[in-house]
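Chemist: Quick one, fold the following:
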Amino acid sequence: MPSISPPRPKPFETRLCKPKVAPMVFLPAEIYAIIFAEVEPSALAVLCRTCRHFLDQAQHILFHTIDLEGHGMRATKSWCLAVTRHPHLAQRVAALSLQLPEVAKLDPADGTKIHRALMLCVNLKELKVTFEEILGGNHRSAGGWFINECPFRLTKFNNLYFEQDWIAPFWRAQSELRVLSAPYCGPLTFSDEQLPNLVAVKVCDVQYLPAGRPLQRIEAPFPSSLDHYYSGLAQYSHSLTTLNLLRESADTSIWHAVILIARVLPALVNFGITEVKRSERRSIAQSAPANIFQNFCRLETFVLLLINVTRFRDPDSRRIYAMGHEGHLKDFGAAIMEACPTLRQTVLGSEVQLDRQLTCTLRRDLHGAICSETGTTFDFDAMSKFWNP
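Modeler: Numbering: from 1, shown residues only. Okay, the predicted model is just below:
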């Protein structure tokens, strides 16, 4: 009987089927920009290695703002190497924060790397340079050779590193600078041709402000002398819209300063006060007559963030406001806003315990009603109007 062989299987055919739905890589670049803007930097770094199409969009956002504070010189040198090898990445940097050793301790080779990297950042607009040893300390660097010849034109410069005289060529080139923070530079003396667009300055003493400039925003320590402060601020009364006071001593009266400022700058629009040093002895109470705010004729925002004062007492109403009590913060803010009808927003904040904060933000709506909301952290730079009016 003949054997029956099983049928031979047909050769297997493989076909690559095109997906019916277009892959994500064909989305418009504008869509990627919106998506990637919401992605954390660590995830953006992964996207850079995932797809060539993602690389350009992710790097554009990843290199736009570079913050190297607290990451040490190793991270700084790594960034310098990246932008030096790939100049197109340097051209995307718009904001940069550096934390460096003082010049005496800065390796000349590292300084050269920083100089080469900065020379390529032609579109840099915001720069912060501070010390590695003591963040925001009173140390200053005499060296400025790695910044003096840089081609960028800044709009904001937070200088906690260089002495003014050692970066004279740098000042001459900064024709677009509008905001300058130089709390350790001493007196700021510029010629009429230098920094023609300067409108906002932070100094360690109002006497160090550049004279003859129509400054709009000033940030400085708390006044220690009435005459001292009056002569320093009165010259800007016609142009100044924003004033931030930094309270360093618990011995100075907050509301005595408010009375002074209302007298010298009645047309102020934005006013902020914060404590920057923690005192061993916290102030029990300070007199706080809310009606003194009626002396401001244009005031729209007021910020008060404290770490030492625990209570205020209004001598007119005899009301005591505990700064660590949510209801008292709301009532205190409402009293201030009722005394000053032009106020649109008031922010009050207190450090209830070490690193535990309480804030109350009050806003006046279009119909004049005041609403409030509470928070648990405060950031004076973000809440006040010096850096971003």
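
Chemist: And the helices in the stretch 201-350 of the chain, which stretches?
Modeler: 226-233, 254-264, 326-339 (DSSP state H, counting those that start in this stretch).

Chemist: got a markdown table for these, with mean pLDDT and distance to residue 304 too?
Modeler: Where you see a C-beta, it was placed from the backbone N, CA and C, and this is true even at glycine. Compiled in a markdown table, the helices of the stretch 201-350 of the chain are given as follows (pLDDT from 0 to 100; distance: least, C-beta to C-beta, whole Å):
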| stretch | mean pLDDT | distance to residue 304 |
| --- | --- | --- |
| helix 226-233 | 70 | 18 |
| helix 254-264 | 86 | 8 |
| helix 326-339 | 93 | 9 |
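
Chemist: if you compare the ones you listed, which one is most tucked away?
Modeler: Neighbour counts (mean count of other C-beta atoms under 10 Å) averaged over each of these peak at helix 326-339, with a mean of 19.

Chemist: what helices or strands is that one leaning on?
Modeler: strand 319-322, strand 345-353, strand 356-364, strand 370-375 (3 or more C-beta pairs under 8 Å, 6 or more residues apart in numbering; DSSP states H and E).

Chemist: how far is it from where the chain is centred?
Modeler: 27 Å (C-alpha atoms, centre = their mean, to the nearest Å).

Chemist: Stretch 340-351 now?
Modeler: 20 Å.

Chemist: buried residues in that stretch?
Modeler: Buried residues in stretch 340-351, counting neighbours by 16 or more other C-beta atoms under 10 Å, are found at 340, 343, 345-351.

Chemist: Least confident of these?
Modeler: Within the set of the buried residues of stretch 340-351, pLDDT is lowest for residue 351 (89).

Chemist: who does that one bridge with?
Modeler: For residue 351, the beta-bridge partners under DSSP bridges are residue 357.

Chemist: residue contacts, residue 112?
Modeler: Counting by C-beta atoms under 8 Å, 6 or more residues apart in numbering, residue 112 touches residue 146.

Chemist: burial count for residue 311?
Modeler: The tally of other residues near residue 311 (other C-beta atoms under 10 Å) stands at 18.

Chemist: Also residue 314?
Modeler: 17.

Chemist: next one: residue 81
Modeler: 13.

Chemist: residues of the helix or strand harbouring it that come out buried?
Modeler: Taking DSSP states H and E as the definition, residue 81 sits inside helix 72-85. Buried positions in helix 72-85, judged by neighbour count with 16+ other C-beta under 10 Å: 73, 76-77, 79-80, 83.

Chemist: Go ahead and name everything in contact with that helix.
Modeler: 63, 66, 68, 89-90, 93, 98-101, 110, 113-114, 116-117, 120-121, 132.

Chemist: Only alpha carbons, please: show it as PDB.
Modeler: Extracted in PDB, the C-alpha atoms of helix 72-85 (Å, rounded to 0.1, in the frame of the first residue of the first chain):
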ATOM      1  CA  GLY A  72      29.800  71.400  42.400                       C
ATOM      2  CA  MET A  73      32.500  72.000  39.900                       C
ATOM      3  CA  ARG A  74      32.200  68.600  38.400                       C
ATOM      4  CA  ALA A  75      28.700  69.400  37.000                       C
ATOM      5  CA  THR A  76      29.900  72.800  35.900                       C
ATOM      6  CA  LYS A  77      32.800  71.300  33.900                       C
ATOM      7  CA  SER A  78      30.500  68.700  32.400                       C
ATOM      8  CA  TRP A  79      28.200  71.500  31.200                       C
ATOM      9  CA  CYS A  80      31.100  73.500  29.800                       C
ATOM     10  CA  LEU A  81      32.300  70.400  27.900                       C
ATOM     11  CA  ALA A  82      28.900  69.800  26.400                       C
ATOM     12  CA  VAL A  83      28.400  73.300  25.100                       C
ATOM     13  CA  THR A  84      32.000  73.600  23.900                       C
ATOM     14  CA  ARG A  85      31.700  70.400  21.900                       C
END
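
Chemist: Run the chain-centre distance for it.
Modeler: Worked out by C-alpha atoms, centre = their mean, helix 72-85 lies 23 Å from the chain centre.

Chemist: gap between residue 33 and residue 55?
Modeler: With distances taken as C-beta to C-beta, to the nearest Å, residue 33 is found 14 Å from residue 55.

Chemist: oh sorry, the question was meant for residue 71
Modeler: Per C-beta to C-beta, residue 71 is found 23 Å from residue 55.

Chemist: hang on, the earlier thing: export the buried residues of stretch 340-351 as CSV, with columns for distance to residue 44.
Modeler: Below are these laid out as CSV (distance: C-beta to C-beta, whole Å):
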residue, distance to residue 44
340, 45
343, 41
345, 34
346, 38
347, 32
348, 37
349, 33
350, 37
351, 34
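
Chemist: end to end, how far does stretch 158-170 reach?
Modeler: From its first residue to its last, stretch 158-170 covers 14 Å (C-alpha to C-alpha, to the nearest Å).

Chemist: And that stretch, what's buried?
Modeler: 158-164, 166-167, 170.

Chemist: Make JSON lines from these and add pLDDT, secondary structure and distance to residue 47 to it.
Modeler: Output for the buried residues of stretch 158-170, formatted as JSON lines (pLDDT from 0 to 100; DSSP: H, G, I helix; E, B strand; the rest coil; distance: C-beta to C-beta, whole Å):
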{"residue": "158", "pLDDT": "96", "secondary structure": "strand", "distance to residue 47": "30"}
{"residue": "159", "pLDDT": "94", "secondary structure": "strand", "distance to residue 47": "34"}
{"residue": "160", "pLDDT": "91", "secondary structure": "coil", "distance to residue 47": "33"}
{"residue": "161", "pLDDT": "91", "secondary structure": "coil", "distance to residue 47": "34"}
{"residue": "162", "pLDDT": "89", "secondary structure": "strand", "distance to residue 47": "36"}
{"residue": "163", "pLDDT": "86", "secondary structure": "coil", "distance to residue 47": "42"}
{"residue": "164", "pLDDT": "83", "secondary structure": "helix", "distance to residue 47": "42"}
{"residue": "166", "pLDDT": "84", "secondary structure": "helix", "distance to residue 47": "41"}
{"residue": "167", "pLDDT": "89", "secondary structure": "helix", "distance to residue 47": "38"}
{"residue": "170", "pLDDT": "93", "secondary structure": "helix", "distance to residue 47": "36"}
